[in-house]
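J.: following is a predicted model, sequence given first.
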Amino acid sequence: GEARLSQECRCQGISTKTFGIATSWDFTKQEDRDKLLNLVATENPDHIFLAPPCTPWSQMQRINMNTPEQRRRLAEAGKHSNDVHMKFTRQLYEVQLKGGRHAHVEQPANADSWRVSHLAKLPGHHVLFDQCELGLAPPHSQLKFQKRTAIRTTKKAVADVMSQHQCTDQHEHGRLAGGTSAHLAPWERGWG
C-alpha cells in the first residue's frame with residue numbers, strides 16, 4: 001500500500017510525505033490530527049491520499065462476529081472510527097477542496113465505511129479498481145492479490161486512470177489482509 005504509492009511517486013519525480021503509525025503519527029490523538037491539519041495548511045500539497053483504517057467497516061469483520069458481545073464491540077469500534085478517523089478524513093478532504101487542491105480517499109470497495117455520514121456524500125468521482133492489475137502480490141510468488149478497492153477523488157484524471165485497472169482473470173489470486181496509509185504529494189505530475 002503506502003510504500004508502493006510513495007515509491008511510485010518518487011519514480012515519477014514527485015516528493016511525498018507519509019503519515020501513520022509506521023511514521024509515529026497516531027490519528028486517534030487530537031494532537032496529531034491538529035499537527036497534520038496545520039502542516040497541510042502550511043505546505044498546501046497538490047494532492048493528499050487518505051486511507052483511514054477500514055477494519056471496523058470490513059464485511060469479513062461482520063461475518064466473524066458470532067456473539068452479541070463481539071457485535072457490540074464491533075459497533076463501538078465503528079462508532080469510534082466514524083467519530084475520529086472518518087471525520088478527520090472528511091476534514092482533510094474539504095480543506096483540499098476549499099484550497100483548490102485535490103484529495104483522494106481509498107477503502108475496500110465493499111467496506112461499510114463508504115456508507116457512514118462522513119464519507120457517504122463526499123463530492124468527487126467514485127471509482128472501483130482491482131489491485132492485482134497494479135501488481136499487488138507477495139514477494140517471490142506467482143499469485144496476485146485482487147483486493148477490489150474504491151477511491152473517491154476530486155480529480156477526474158485519477159478516476160479515469162484507476163478505472164482502467166479491472167481484473168482480467170488472467171492470473172491466480174491469493175488471500176490478503178488489509179493495511180493503512182496516508183500521503184501528501186506537494187506537486188502533481190502525470191495527472192495533468
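T.: In hand now; what should we look at? Numbers count the residues shown, from 1 in each chain.

J.: output the lowest mean pLDDT helix or strand found in the protein.
T.: Counting by mean pLDDT, DSSP states H and E, the weakest-scoring helix or strand in the chain turns out to be strand 181-185, with a mean of 40.

J.: tell me how many other residues crowd Asp32.
T.: Counted by other Cβ atoms under 10 Å, the residues lying close to Asp32 total 16. All C-beta spots, glycine's among them, are computed from the backbone N, C-alpha and C.

J.: Ser113 too?
T.: 26.

J.: separation between it and Gln170?
T.: From Ser113 over to Gln170 the distance is 30 Å, taken as Cβ to Cβ, to the nearest Å.

J.: can you pull out the helices in this protein?
T.: In the chain, the segments counted as helices under DSSP state H are 2-11, 30-43, 59-63, 68-81, 87-98, 117-120, 156-162.

J.: hmm, who's touching the fifth one?
T.: Read that as helix 87-98. Outside helix 87-98, the residues within contact range by Cβ atoms under 8 Å, 6 or more residues apart in numbering are 27, 33, 36-37, 40-41, 45, 47-48, 50, 52, 102-103, 105, 118-119, 122-123, 154.

J.: narrow the residues you listed to those that are buried.
T.: Buried residues within the contacts of helix 87-98, counting neighbours by 16 or more other Cβ atoms under 10 Å: 27, 33, 36, 40, 45, 47-48, 50, 52, 102-103, 105, 118-119, 122, 154.

J.: quickly list what His102 is bridged to.
T.: On DSSP bridges, the residues paired with His102 through beta bridges are His47.

J.: that one is in contact with Leu50, isn't it?
T.: No - here His102 does not reach Leu50: they are 11.3 Å apart, not a contact under Cβ atoms under 8 Å.

J.: where does pLDDT dip in the chain?
T.: The chain contains residues with pLDDT under 70 at 1-12, 56-64, 134-138, 146, 173-192.

J.: try it again with 50
T.: Counting by pLDDT under 50, the chain contains low-confidence ranges at 1, 178-192.

J.: Phe129 is in contact with Gln166, isn't it?
T.: Yes - counting by Cβ under 8 Å, a contact exists between Phe129 and Gln166, whose distance comes to 6.6 Å.

J.: tell me which of the two has more neighbours.
T.: Phe129 (22 against 13).

J.: partners of that one in the sheet?
T.: According to DSSP bridges, the residues that bridge with Phe129 are Thr149.
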